[in-house]
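Trainee: sequence unavailable; structure follows:
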């Protein structure tokens, strides 16, 4: 295995980077439906197909529910499939999210995240993704166009290895529509990384099987437990895939990324590009001002990388979890906060953890606000959820 | 090179989002890191819009809007009445503006509207403003801009836009 | 319709729908399933909507299906089939499909077609996927216990349109699903009844072959013993009377031409139709009907025949 | 009976054996049993055609019934017959009789 020699770097939005990844992967069937801020992904894919650069069937479905249903049908038939959505579209798909996971179909879907109605907002936050987080899908949250591109390719490998659907999410607008440099892989190399494997069961008249049967109480639970096991397996395989990808293509990310955590007393735990990027800048600022600050980014969100997150936070005195979604009426309104709190409780760890809700409906996330979180952690470490930047 | 932050002010339809993207692509062609993003909204043609561009030798992580721009680009002087494009400017900030405008900053201007009308036959000023930004900042070469423009225009429209960038570059004046 | 089977002797013998399924004794849909599976032959993939047929034929770890079969949800069988069809196309183009000319068939009930599945059906028809969509119509949500659907006829009793003192059964007319499908300008759409097997299998085969041009549609009338409240040995008789009284006309839409099939082709002349009452009186769901209500149904049926007659002249 | 564990079952609840409901004998559903009186059967095939379960079995051969010879004979597979009586109701010669189990 050799790291690619000649570099091919393009200026792309994260949405366009998704389309380039889909092209490299040689996807067979793609369901296309517009919703802001996802639309430019399927526009670019449509352009690739129109130009003969991508040999795929596009299905111009009439709703997101049908988008996911169509790729379920295609994946069940043995095709490599892709679709993408955001916000209300992901909500409309919700029923089929569970089914795709229950049927163990290796679907890959891009989700540039966006706030939910009402009132309607086309802007970014992670409310849509967080509503889909426990549906049995593997979920990655990328922080750059490059990472999103690399993650889609990794996602196909993971999906086909553990027979689970995978979402690749990232910030709506703040990433989906931002032009950045993206190093594109040699497509032949990508196809070597993703060989066509014969799946055990597909819809084929030569080997007829029944998919989606009725399971009685004597049978249903075991299939749900299979999904539990598959997600545990995915935690391991995601790391292996990322390492192998790194060896082949020169870029890997781990399941959790850390910044200046070696000697950090205070950490911000975040996901997504804007929260993470601005927390990094804030950590630099904090260190200039004498606070030993660091950042932990959760890249693989489902299965939750408990061991890696706990390890990253092992030596901090206090930390904050910044969430761009609200779980209404929950004991802690931040979804990631709750995950980490549960993980720590289960491992007998007790330290001050501040929950910070921010960036809701793309309320601007400032580096200065992130810096303030570090000062809060130093001055008054506590367990509490705060709503940063809201007028009260 | 430290990170350079540029903020573009225009109206929907004038192409300021594209201008930031073209310059980002040109920088990326030169092996630099860049980040170009619009101020997002459902705004349609005519509404004031901002777009942002960061260029650096190192990877760029921050994704906050540009609050303290090194360069401010104003595609339409009526924007000075609609909002305050100079907000957050530093002593060192450079202003690049369509038509002469007196500001308390180092200012470059070009008559982008007339040039666009003359060369394109339409008042779409984004490529003219790109030429002016290159002249004012030397951030990227005209050659990289020409290369980057291939992703945005083809055929005769590409030729005309290259001509417009070059003409604007030459006709940009420091006030 | 092309005639593939001239007499009963020509009918396909091989059974491709296994017994031991849990459909009711005397189920009309079961008769339809037997003949659908026999007629489409083994090289086909079936996408089934949630419903009676789905839950009674796939009790894990068993299946009555001998075809590759997929059930996903209630409202999306047309979308699932679109994906299956697209996958076969793409895989074949890439040399990755080893099963030859595989057909794609949807089987869905009236709830999954008239109501919750109408959107995905319309999408599939509009995109012109080469899929045969078969609706088995038992005129209510039977799987959940006989609730009214868009297909339930006027005045019919169901558990959600009970016969009370203020309201007596369903208030609205049955939706014209064939009209909706024909408006999509599909190559072929037809009605069929489990009482007229030869007509039905020739239509299944015709519709299947026409999928090379685009989507095709079959509306199969399939009486339901518990839902319609008639004795279980009367399923075929009820279906036959539906045709003979003109309640369920047999016709086909073949490339823009509407043609009435025997025996319905004689029924434009009202005197050739048996009185509607003969059909209604067999069924408990209509037991409460007054003569006035029956007269109203007859009047509406006459109007429907007038409309069909005009369509047939186009 | 011990049922298979989660790791023993095929993933995704796929049913791998086509037509496996055959394992489920539905004879017990029946209150009335259809009996074919072969002497009255004219081989019209209607019972075979209308049976919802496909339980009317068509045999090929030479069958002498009285002074007539047929090349087919119809029998009932009682394993799956649910006793609905459609066959008897549709039989034009009343050759099928429904008798109590």
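Mentor: Looks like it arrived, so ask away. Here the structure is a predicted model, which is why all the values come from computation and not from measurement. Numbering: from 1, shown residues only, chains lettered A, B, ... in the order given.
Trainee: need the per-residue pLDDT for whichever residue of the stretch 201-314 of chain C sits closest to chain B.
Mentor: Distance from chain B to each residue of the stretch 201-314 of chain C (Cβ to the nearest Cβ) is smallest for residue C:214, at 35.3 Å. For every residue, glycine as well, the C-beta is placed using N, CA and C. Residue C:214 carries a pLDDT score of 98 in this model.
Trainee: gap between it and chain A?
Mentor: Counting by Cβ to the nearest Cβ, to the nearest Å, the gap from residue C:214 to chain A is 15 Å.
Trainee: wasn't that residue part of a helix?
Mentor: No: assessed by DSSP: H, G, I helix; E, B strand; the rest coil, residue C:214 does not belong to a helix; its assignment is coil.
Trainee: what are the phi and psi values at the closest residue to residue A:266 other than its chain neighbours?
Mentor: Among residues not flanking residue A:266 along the chain, residue A:377 sits closest, at 4.3 Å (Cβ to Cβ, 6 or more residues apart in numbering or on different chains). When read as degrees, to the nearest 10, the backbone of residue A:377 gives phi -60, psi -40.
Trainee: so what's the residue of the stretch 201-314 of chain C closest to chain B up against?
Mentor: With contact taken as Cβ atoms under 8 Å, 6 or more residues apart in numbering or on different chains, residue C:214 is in contact with C:128-130, C:186-187.
Trainee: please repeat the previous calculation with a cut-off of 7 Å.
Mentor: The contact partners of residue C:214, by Cβ atoms under 7 Å, 6 or more residues apart in numbering or on different chains, come to C:128, C:130, C:186-187.
Trainee: neighbours of the residue of the stretch 251-392 of chain A found nearest chain D, how many?
Mentor: Closest approach between the stretch 251-392 of chain A and chain D, counting by Cβ to the nearest Cβ: residue A:303, at 16.6 Å. By other Cβ atoms under 10 Å in any protein chain shown, the residues close to residue A:303 number 20.
Trainee: for residue B:13, give me its contacts.
Mentor: Residue B:13 touches B:45-46, counting by Cβ under 7 Å, 6+ apart.
Trainee: tell me, what's the model's pLDDT at it?
Mentor: Value listed for residue B:13 in the pLDDT field: 84.
Trainee: what's the separation between the residue of the stretch 251-392 of chain A closest to chain D and residue C:105?
Mentor: To residue C:105, residue A:303 is 38 Å away according to Cβ to Cβ, to the nearest Å.
Trainee: and residue A:122, how many residues sit next to it?
Mentor: Around residue A:122 there are 18 residues (other Cβ under 10 Å).
Trainee: doesn't it lie inside a helix?
Mentor: No: assessed with three-state DSSP, residue A:122 is coil; it does not lie in a helix.
Trainee: ok, so what distance separates it from residue A:37?
Mentor: Residue A:122 is 7 Å from residue A:37, by Cβ to Cβ.
Trainee: what do you get for residue B:114?
Mentor: 36 Å.
Trainee: just residue A:15 next, same as before
Mentor: 7 Å.
Trainee: and the two? Which one has more around it.
Mentor: More neighbours surround residue A:15 than the other of residue A:15 and residue A:37, with 28 against 25 (other Cβ under 10 Å).
Trainee: what helix or strand is residue B:133 on?
Mentor: If you go by DSSP states H and E, residue B:133 is part of helix B:126-137.
Trainee: got it, and residue A:176?
Mentor: Counting by DSSP H and E, residue A:176 is part of no helix or strand.
Trainee: tell me, how many residues neighbour it?
Mentor: 33.
Trainee: now the contacts of residue C:214: which count as buried?
Mentor: Those of the contacts of residue C:214 that meet the buried threshold are C:130, C:186-187, by 16 or more other Cβ atoms under 10 Å in any protein chain shown.
Trainee: keep those residues, but drop any that are not near chain A.
Mentor: Among those, proximity to chain A is found for none (Cβ under 7 Å from any Cβ of the partner chain).
Trainee: and these as CSV, adding secondary structure, pLDDT and distance to residue B:68?
Mentor: Putting the buried ones among the contacts of residue C:214 into CSV (DSSP: H, G, I helix; E, B strand; the rest coil; pLDDT from 0 to 100; distance: Cβ to Cβ, whole Å) gives the following:
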residue, secondary structure, pLDDT, distance to residue B:68
C:130, coil, 98, 60
C:186, coil, 98, 62
C:187, coil, 98, 65
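Trainee: closest to chain D out of those?
Mentor: residue C:130 (23.9 Å).
Trainee: and the average pLDDT for the helix holding residue B:133 is what?
Mentor: Helix B:126-137 comes out at a mean pLDDT of 97.
Trainee: where's residue A:167, which helix or strand?
Mentor: strand A:166-171.
Trainee: partner strands of that strand, parallel or antiparallel?
Mentor: strand A:108-113 (parallel), strand A:138-141 (parallel) (DSSP bridges).
Trainee: I'd like the ones you listed laid out as CSV, including mean neighbour count and mean pLDDT.
Mentor: Shown next, in CSV, are the strands paired with strand A:166-171 (neighbours: other Cβ atoms under 10 Å in any protein chain shown; pLDDT from 0 to 100):
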stretch, mean neighbour count, mean pLDDT
strand A:108-113, 30, 98
strand A:138-141, 27, 98
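Trainee: nearest to residue C:227, of those strands?
Mentor: strand A:108-113 (39.1 Å; Cβ to Cβ).
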